[in-house]
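# I'll drop the sequence and a predicted model, then ask my questions.
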Amino acid sequence: MIPMAIPTDSPAIGAPYWYDDDADDEQAIAVLEALRRFRRAEHGMRSRTQGDMDMNETDLAALRFLIAAEREGRGVGPTEIAHHLQISTAATAKLIGRLSASGHIERLPHPSDRRAAIIRPTPSSHHEVRRTLERTHRRMLEAARRLTPGERESVVRFLDDVGTAMTVRDDD
C-alpha cells in the first residue's frame, strides 16, 4: 500500500468523516449504517433481478412503473413513461421497442385518441416478475411483520424523513 499525504483540512485517519465523534450520536450513526447496508442489499437484489430477467436497469424500471400503473387502473402512454424515467422520447421509443420485442409489454389503442397508444405489461411479464421476486418480497414482508405496530410507525416516519432529507437541495 502506498502511503498518502492527507490534506490538513481532512479528518484524521480513522476519524468520523461526516459526523462529530459524539457518543450521543452512536446509535443514530448505527441506524444510518444499517440504512446503507440495506441500500447495498437492495442494489444487489435489483442487479440480480436484471440478470434473471435479462433486462437493463431502465427497462426494469419501466416495467415496474407499468405494473404499478396497471394495478392502480391507470393507462400509461409513452410520454408518461419518458417523464417517469426522465429519458427522452427517442430513448422511450427504443425502450418500448425492446420491451415489445421481448414480449414484456403490449401496445393497445388509446380508447379516445386514435393516434395514441396505451402501453401495458403482458401477463407473462407479471408471471416473470412474480417468479423472480416473490420469495424476496415474502421475506421482506415477514421482516416487517416481526415489528410491533409502534416500531412500524417509527420505521415509516424515519424512512419518510430520510427521503425528504435526501431530496432537499442545498444551494451553496
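Nice, thanks for sending it over. Numbering: from 1, shown residues only.
# what pLDDT does the model give I13?
pLDDT recorded at I13 is 60.
# now do the one 4 residues further on
Per-residue confidence (pLDDT) for Y17: 65.
# before we move on, what about R130?
Predicted confidence (pLDDT) for R130: 89.
# which residues touch stretch 34-51?
56-57, 60, 132-133, 136, 162 (C-beta atoms under 8 Å, 6 or more residues apart in numbering). Backbone N, C-alpha and C define where each C-beta goes, glycine included.
# can you give me the strands for this protein?
All strands of the chain, identified by DSSP state E, fall at 105-109, 117-121.
# the last one: how far from the chain's middle?
Pointing back at strand 117-121 there. Distance of strand 117-121 from its chain centroid, counting by C-alpha atoms, centre = their mean, to the nearest Å, is 21 Å.
# please enumerate the helices of this structure.
For the chain, the helices defined by DSSP state H occupy 26-53, 57-71, 78-85, 89-101, 123-145, 149-167.
# can you pull the buried residues of the longest one?
For helix 26-53, the buried set under the neighbour-count rule, 16 or more other C-beta atoms under 10 Å, comprises 49-50, 53.
# related to what we said a few turns ago, quick one, which of the strands of the chain is nearest to R152?
strand 117-121 (30.0 Å; C-beta to C-beta).
# OK, contacts around R107?
So R107 contacts 96, 100, 117-119 (C-beta under 8 Å, 6+ apart).
# do that again at 7 Å, thanks
Counting by C-beta atoms under 7 Å, 6 or more residues apart in numbering, R107 touches 100, 117, 119.
# of all those, which comes closest to E128?
For these, the nearest to E128 is S100 (15.1 Å; C-beta to C-beta).
# neighbours of the closest one, just the number please.
Using other C-beta atoms under 10 Å, the number of residues around S100 comes to 14.
# now swap in A144 and tell me
Applying other C-beta under 10 Å, we find 11 residues neighbouring A144.
# give the contact list for it.
Contacts of A144 by C-beta under 7 Å, 6+ apart are R152.
# take the contacts of stretch 34-51 and, keeping just the buried ones, write it as a PyMOL select command.
Filtering the contacts of stretch 34-51 down to the buried ones (16+ other C-beta under 10 Å) takes a single PyMOL command:
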select buried, resi 60+132+133
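# turn the contacts of stretch 34-51 into a markdown table, including distance to L147.
Listed next are these as a markdown table, based on distance: C-beta to C-beta, whole Å:
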| residue | distance to L147 |
| --- | --- |
| N56 | 34 |
| E57 | 30 |
| L60 | 28 |
| T132 | 26 |
| L133 | 21 |
| T136 | 18 |
| V162 | 17 |
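# no more questions from me, cheers.
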